[in-house]
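In: Sharing a sequence plus its predicted fold:
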Amino acid sequence: MQEMEHWRPLLHVALGQRAALDAAPDGAAWRALYAEACRQAVAAVFFTAVERLPQQQRPPRPLLLEWMARTRQVEQSNRRLDAEADRIMRRLRQDGVPAVLLKGRGVAHYYPDPSRRMTGDIDLWLGMRLADIVAYARRYGAKARGDGAYSRGDGAKPRATCLHVDLPFSAWAKVEAHATPSFRYAPLANRRLQRWLAAQAAVQFSHRPDWAGPDSPLRVPTDRFNAVYLLLHLYRHYLSEGVGLRHLMDYYFLLARGSLSGAAEDIAADLRFLDLERFAAAVMYVLTDLFRLPPELCPIAPDAARGRVLLADVRLSGNFGQTDLRYGVPSAALSRPARFARKCRRLLRFVADEPAEALSVPPFCVLHYCWRWWKGYA
């Protein structure tokens, strides 16, 4: 955990919890801090800390300029992605399709500067069944060209999973339309989750955020929904791939708003109902220890033992586990069978603590691939 201790103070400066570092890092230490911020997909957020530091504590000028340029790229990408999301939501409204903006663009407004959250896909929850979303995508054509754009009206089958369908609505951003926001690998747990999500749908599809104008088509989940949904998203990726600092930071900024303090008991009840209480307790430890979240803002009491395991994994995994070298080369360089084998090796670590979920992943992945191949979605 020693590497994490080096950038912990910089994180606290970025969050506005302190004004300066105890001592200025040297050039090599600053380079290591920057590399780790990039690996964790929080470089632009950490640049806020660099801007706040006294002049004598800032990194060497070449690194400062490189960091600034990377931050400007993130800000530009966010502005472009926001415009795309607004355009797509307007298109969906014109087509009469209920839609909610999930995850990345749906939670960026929690940040003090939303433009500095690392960009990702545009994730939408549509009020349609999966088969209907596939048919909707085929109306516009779903055959990708080499430049990432889509041909129009060719009726080709889009790429799809049991969770989402790729919509051909952007030439440069990946747009994923979800029939349901998430799932569990264990069948009984998934049945319970889908029941909970169905009960939440009406409120989420009608929720317009305060910061959106009266004519805005944007719909994002309520804070109350995200308190469970973001944790579920963390849990699923933690088991199968690994999670980094970016997604924990999303959850920190949600809870730090203080808007959920009166709903803590209800959130805790939902987490127990969905069997997420143990993982939630680990996340709360990370938020209180690393992010200095006040304990009274946690809906679940922190669990130090589980939390230290999660914190160590965050350090080793990086964003979505893409740079985790415990299982060999980075996941992006592996073939599909090798990635599946890597996932199975990772899951062995969780069999004792999460047996139903961990043991359900391998058969689910095999059956899911066969289903996609049979449907022509792979």
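Out: Structure's in. What do you need?

In: Only C-alpha atoms from now on, for both contacts and neighbour counts.
Out: Will do.

In: Now do the same contact list for residue 180.
Out: Applying C-alpha atoms under 8 Å, 6 or more residues apart in numbering, one finds that residue 180 lies in contact with 125, 126, 163, 164, 194, 197.

In: again, but for residue 353
Out: Per C-alpha under 8 Å, 6+ apart, neighbours of residue 353: none.

In: In three-state terms, label it for me.
Out: coil (DSSP: H, G, I helix; E, B strand; the rest coil).

In: And the one 5 residues further on, by the same measure?
Out: Under the three-state scheme (three-state DSSP), the conformation of residue 358 reads as helix.

In: try residue 100
Out: Secondary structure assignment for residue 100 (three-state DSSP): strand.

In: quick one on the thing from earlier: among the contacts of residue 180, which ones are buried?
Out: Buried subset of the contacts of residue 180 (neighbour count, 16 or more other C-alpha atoms under 10 Å): 125, 126, 164, 194, 197.

In: So which of those residues are in helices?
Out: Among the buried ones among the contacts of residue 180, the members found in helices (DSSP state H) are 194, 197.

In: what's the closest of the buried ones among the contacts of residue 180 to residue 219?
Out: Out of those, the one with the shortest distance to residue 219 is residue 125. That distance is 9.9 Å, counting by C-alpha to C-alpha.

In: Residue 254 versus residue 293, what's the distance?
Out: Here residue 293 is placed at a distance of 11 Å from residue 254 (C-alpha to C-alpha, to the nearest Å).

In: Show me which of those two is the more surrounded one.
Out: residue 254 (22 against 18; other C-alpha atoms under 10 Å).

In: wait, isn't the more buried one in contact with residue 224?
Out: No: with contact taken as C-alpha atoms under 8 Å, residue 254 and residue 224 are classed as non-touching, separated by 9.6 Å.

In: need the contact list for the most centrally placed residue in the chain.
Out: In the chain, the C-alpha nearest the mean C-alpha coordinate belongs to residue 247, at 4.9 Å (C-alpha atoms, centre = their mean). Under the criterion of C-alpha under 8 Å, 6+ apart, the contact partners of residue 247 comprise residue 234.

In: coming back round to it: make CSV from the buried ones among the contacts of residue 180 and add distance to residue 69 and pLDDT to it.
Out: Below are the buried ones among the contacts of residue 180 laid out as CSV (distance: C-alpha to C-alpha, whole Å; pLDDT from 0 to 100):
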residue, distance to residue 69, pLDDT
125, 33, 96
126, 36, 96
164, 34, 91
194, 43, 96
197, 41, 96
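
In: If we only consider the buried ones among the contacts of residue 180, which is nearest to residue 44?
Out: When the buried ones among the contacts of residue 180 are compared for distance to residue 44, the smallest value, 27.4 Å, is given by residue 125; criterion: C-alpha to C-alpha.

In: any idea how far that closest one is from residue 326?
Out: Here the criterion is C-alpha to C-alpha. By it, residue 125 lies 34 Å from residue 326.

In: repeat for residue 230
Out: 26 Å.

In: So for those two, which sits in the more crowded spot?
Out: Counted by other C-alpha under 10 Å, residue 230 and residue 326 do not tie: residue 230 has more neighbours, with 20 against 11.

In: Buried residues in stretch 157-168, which are they?
Out: Within stretch 157-168, the residues that qualify as buried are 157, 158, 159, 160, 161, 162, 164, 165, 166, 167, 168, counting by 16+ other C-alpha under 10 Å.

In: Flag whichever of these scores worst on pLDDT.
Out: Lowest pLDDT of the buried residues of stretch 157-168: residue 157, 71.

In: Check the secondary structure at that one for me.
Out: Assigned with three-state DSSP, residue 157 falls in the coil class.

In: Residue 123 belongs to a strand?
Out: Yes: per three-state DSSP, residue 123 lies within a strand segment.

In: sorry, back to before: for the residue nearest to the centre of the chain, phi and psi?
Out: With angles defined as degrees, to the nearest 10, residue 247 sits at phi -80, psi -30.

In: wouldn't residue 118 be in contact with residue 44 here?
Out: Yes: applying C-alpha under 8 Å, one finds residue 118 in contact with residue 44, separated by 7.2 Å.

In: re the thing from before, among the contacts of residue 180, which one lies nearest to residue 82?
Out: Nearest to residue 82 among the contacts of residue 180, counting by C-alpha to C-alpha, is residue 125 at 16.5 Å.

In: give the contact list for the closest one.
Out: Taking C-alpha under 8 Å, 6+ apart as the definition of contact, the neighbours of residue 125 are 99, 100, 101, 102, 177, 178, 179, 180, 181.

In: OK, contacts around residue 174?
Out: Listed by C-alpha under 8 Å, 6+ apart, the contact partners of residue 174 are 121, 122, 166, 167.

In: In contact with residue 364: list those residues for me.
Out: With contacts taken as C-alpha under 8 Å, 6+ apart, residue 364 has the following neighbours: residue 185.

In: so what pLDDT did it get?
Out: Residue-level confidence at residue 364 comes out at 92, pLDDT.

In: Residues touching stretch 108-121, excluding its own?
Out: Residues outside stretch 108-121 that contact it (C-alpha under 8 Å, 6+ apart) are 41-42, 44-45, 71, 74-79, 81, 104-105, 173-176, 246, 250, 253-254, 257.

In: pLDDT on it, on average?
Out: Mean predicted confidence for stretch 108-121 is 91.

In: Just the buried residues of the longest helix along the chain, please?
Out: Assignment by DSSP H gives helix 61-94 as the longest helix of the chain. Across helix 61-94, burial judged by 16+ other C-alpha under 10 Å covers 64, 67-68, 70-71, 74-75, 77-78, 81-82, 84-90.
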